[in-house]
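Enquirer: Got a sequence here, can you build the structure:
(2 chains)
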Number of protein chains: 2
Amino acid sequence: MSNAIKLVEVGPRDGLQNEQAVPTAAKIQLVNDLAEAGVNYIETGAFVSPKWVPQMADSGEVFAGIARHPGVTYAALTPNLKGFEAALAAEANEVAIFGAASEAFSQKNINCSIAASLERFAPVIEAARAANLPVRGYVSCVLGCPYEGEIAPEQVAWVAEKLYQMGCYEISLGDTIGVGTPSKAQRMLEAVASQVPMQHLALHFHNTYGQALANIASCLPMGVRTIDSAVAGLGGCPYAKGASGNVASEDVVYMLDGMGYTTGIDLARLIDAGAAICRTLGHAPRSNVANAELAKQQHA
Amino acid sequence: MSNAIKLVEVGPRDGLQNEQAVPTAAKIQLVNDLAEAGVNYIETGAFVSPKWVPQMADSGEVFAGIARHPGVTYAALTPNLKGFEAALAAEANEVAIFGAASEAFSQKNINCSIAASLERFAPVIEAARAANLPVRGYVSCVLGCPYEGEIAPEQVAWVAEKLYQMGCYEISLGDTIGVGTPSKAQRMLEAVASQVPMQHLALHFHNTYGQALANIASCLPMGVRTIDSAVAGLGGCPYAKGASGNVASEDVVYMLDGMGYTTGIDLARLIDAGAAICRTLGHAPRSNVANAELAKQQHA
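Expert: Next comes the predicted model:
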């Protein structure tokens, strides 16, 4: 099995979407800093209704302003055809859609059933195929739902398989509220991998309960090789203000480096990229690795 | 293999030793709160020179002030015979001594070689045997040293075996600066377990680089069943001020609960115990689980 890990950096989108408003120039700088640190997949923005997600209203400007690095994929979240067309115009390299493994979450989050949400995504996937853009599919609440509680692994597998069959080349399995623990994460991944080949699966684990790295470490031996994370743990948790959200890219890269996996990412530059955006946000990075290294630098 | 985990709560000692001065009454309250939460092993204080560790100068008063719960072990750190006698007078149920796996750390921390430190502990172990008190042995720097860097697993195994042969019934393997990653932790534990039976080993991992839970999760399948942790992640890291120290007991218990292990601890009461001492300290708990649950309570 390969030791190469694909790290999907979601900080500029999933992260900044849940932070206070950030100047467009700071977003552009963040994306450029990440690319220069060796990150080769960056979820750069979202083309969604500015009424619902004002934090992403400037995604077009962000895409227009970044310095494109060869070999780097700049992706955009596109919930509908209008969003897809904006992403195409912005020259996004990939697009992403999002479903939920929880009916209650689907209703509360996008106001329709899981089945209806999949139907809505069909034209986006079709348009992306016509434009030759790969589509990534997110599944949220794979290890628990803020409304329903427990989610059966088979339910996650069902949604993941649907998205895969519809044409998503990769399914990102999101522990949206960060409640999962290692054995549960393994059981969920096993169920999904029985329906979708492992090389098309990604782990998208939040660190709300501090479990994300343990969950990732426990799933790596099963063969998964794609990990989503956000530099500086950007984003926090919209379901528990003040709690952690996305697992920090710095912590993931540190662990992977130590375990002999390769990411192609320069950890010191990654820490700098996170520290820079956190100065703009006015809070410390939500990354143990970043805080430990920054504290050591300050002491030295 | 049993699913029962012995959790060794080190917050009142290893934790508070690295916090600002805490009133004796708050320490007593913490120990009582922990026992009422179901924690049955509490490192309650240290009998060390108040010149070197003023934070522990009131350990005698703490031992005198706590309400002893049946079945709970109240332990004390005792680096020398004088400290041991004070622990005996305070009616500690167990004592602990500490060695290092790193020569440089041993010199800087206790001003002698590893071999000399072991000689110093011999009379303490002898006195404890005469008094019928079990002795726990700590080994620090098992996954890295702030002065030497890498530490060979064989070096850790050598020190652990020495302490075991000298009469320590349990050897606690400390990642003092929290730099280890899962594969490294497994290799270290494997090396030590080849010299000391697994049931006499404990993991004492710090979370400075966010890796502690991942390391613990990776070592549990190897059969280790004793975990050291500090409620609210008390203590921070003396080698990188502002960074995390001891892994939080709340995060450990949450993970173990989710994995089907048993600790006998009531997580909600454990969170309350940590929140109470953190109000005294004036900072938030360094526990993701505590912060997530406290944020949810505040929101509700």
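
Enquirer: Show the pLDDT at A:Thr181.
Expert: The per-residue pLDDT reported for A:Thr181 equals 98.

Enquirer: check contacts around it.
Expert: Shown here is A:Thr181, whose contacts under the criterion Cβ atoms under 8 Å, 6 or more residues apart in numbering or on different chains are A:Gln211, A:Ala214, A:Asn215, B:Tyr254, B:Met255, B:Asp257, B:Gly258, B:Met259. Where you see a C-beta, it was placed from the backbone N, CA and C, and this is true even at glycine.

Enquirer: I'd say A:Ser106 and A:Ser113 touch.
Expert: Yes - the criterion here is Cβ atoms under 8 Å, and A:Ser106 meets it with A:Ser113 at 6.1 Å.

Enquirer: Neighbour count: these two, which is higher?
Expert: Comparing A:Ser106 with A:Ser113 by neighbour count (other Cβ atoms under 10 Å in any protein chain shown), the higher total belongs to A:Ser106, at 25 against 13.

Enquirer: Using CSV, list the CA coordinates for the strand or helix carrying that one.
Expert: Under DSSP states H and E, the secondary-structure element containing A:Ser106 is helix A:103-110. As requested, the backbone C-alpha atoms of helix A:103-110 are provided in CSV (Å, rounded to 0.1, in the frame of the first residue of the first chain):
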residue,chain,number,x,y,z
GLU,A,103,-32.4,12.9,7.3
ALA,A,104,-33.0,15.5,10.1
PHE,A,105,-29.7,17.3,9.2
SER,A,106,-30.6,17.3,5.5
GLN,A,107,-33.9,18.9,6.3
LYS,A,108,-32.5,21.5,8.7
ASN,A,109,-29.4,22.3,6.6
ILE,A,110,-30.7,22.3,3.1
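
Enquirer: For chain A, which segments count as strands?
Expert: In chain order, chain A shows strands spanning A:6-9, A:41-46, A:73-77, A:94-100, A:135-140, A:170-175, A:201-205, A:226-229, with DSSP state E as the criterion.

Enquirer: ok so, going back, in TSV: the contacts of A:Thr181, plus distance to A:Pro134, pLDDT and neighbour count.
Expert: Shown next, in TSV, are those (distance: Cβ to Cβ, whole Å; pLDDT from 0 to 100; neighbours: other Cβ atoms under 10 Å in any protein chain shown):
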residue	distance to A:Pro134	pLDDT	neighbour count
A:Gln211	30	98	31
A:Ala214	30	98	31
A:Asn215	26	98	32
B:Tyr254	37	98	26
B:Met255	35	98	27
B:Asp257	39	98	14
B:Gly258	34	98	20
B:Met259	36	98	18
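
Enquirer: Distance to A:Leu173 added to these, as TSV?
Expert: Shown next, in TSV, are those (distance: Cβ to Cβ, whole Å):
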residue	distance to A:Leu173
A:Gln211	14
A:Ala214	16
A:Asn215	10
B:Tyr254	20
B:Met255	19
B:Asp257	22
B:Gly258	17
B:Met259	19
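
Enquirer: Could you list the buried residues of the longest helix along chain A?
Expert: Secondary structure of chain A read by DSSP state H shows that its longest helix is helix A:114-130. For helix A:114-130, a neighbour-count test (16 or more other Cβ atoms under 10 Å in any protein chain shown) marks A:Ile114, A:Ser117, A:Leu118, A:Arg120, A:Phe121, A:Val124, A:Ile125, A:Ala127, A:Ala128 as buried.

Enquirer: which residues does the closest residue to A:Glu170 other than its chain neighbours form a beta bridge with?
Expert: Taking Cβ to Cβ, 6 or more residues apart in numbering or on different chains, and ignoring the residues beside it in sequence, A:Glu170 has A:Arg136 as its nearest neighbour in space, at 4.9 Å. Using DSSP bridges, the beta-bridge partners of A:Arg136 come out as A:Ala96, A:Glu170.

Enquirer: pLDDT wise, what is A:Arg136 at?
Expert: 98.

Enquirer: do the same with A:Gly242
Expert: For A:Gly242, the predicted pLDDT is 74.

Enquirer: how close does it get to chain B?
Expert: 4 Å (Cβ to the nearest Cβ, to the nearest Å).

Enquirer: right, and that residue touches B:Asn291 too?
Expert: Yes - under the contact definition of Cβ under 8 Å, A:Gly242 touches B:Asn291, with a separation of 6.2 Å.

Enquirer: Quick one: the strands of chain A as CSV, columns for mean neighbour count too.
Expert: As requested, these are arranged in CSV below (neighbours: other Cβ atoms under 10 Å in any protein chain shown):
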stretch, mean neighbour count
strand A:6-9, 25
strand A:41-46, 27
strand A:73-77, 24
strand A:94-100, 25
strand A:135-140, 25
strand A:170-175, 27
strand A:201-205, 25
strand A:226-229, 26
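
Enquirer: Now do the contacts for A:Arg13.
Expert: Contacts were defined as Cβ under 8 Å, 6+ apart; by that measure A:Arg13 touches A:Glu43, A:Thr44, A:Gly45, A:Ala46, A:Met56, A:Ala76, A:Leu77.

Enquirer: and the third one, what are its bridge partners?
Expert: The reference is to A:Gly45. The partner list for A:Gly45 in beta bridges (DSSP bridges) reads A:Ala76.

Enquirer: Could you do A:Ser140 as well?
Expert: Counting by DSSP bridges, A:Ser140 is bridged to A:Ala100.

Enquirer: Helices along the stretch 201-300 of chain A, start to end?
Expert: Along the stretch 201-300 of chain A, the segments classed as helices by DSSP state H, counting those that start in this stretch run A:212-219, A:249-258, A:267-281, A:288-299.

Enquirer: Is it possible to get those out as JSON lines so that each row also shows distance to chain B?
Expert: Below are the helices of the stretch 201-300 of chain A laid out as JSON lines (distance: least, Cβ to the nearest Cβ, whole Å):
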{"stretch": "helix A:212-219", "distance to chain B": "4"}
{"stretch": "helix A:249-258", "distance to chain B": "3"}
{"stretch": "helix A:267-281", "distance to chain B": "11"}
{"stretch": "helix A:288-299", "distance to chain B": "3"}
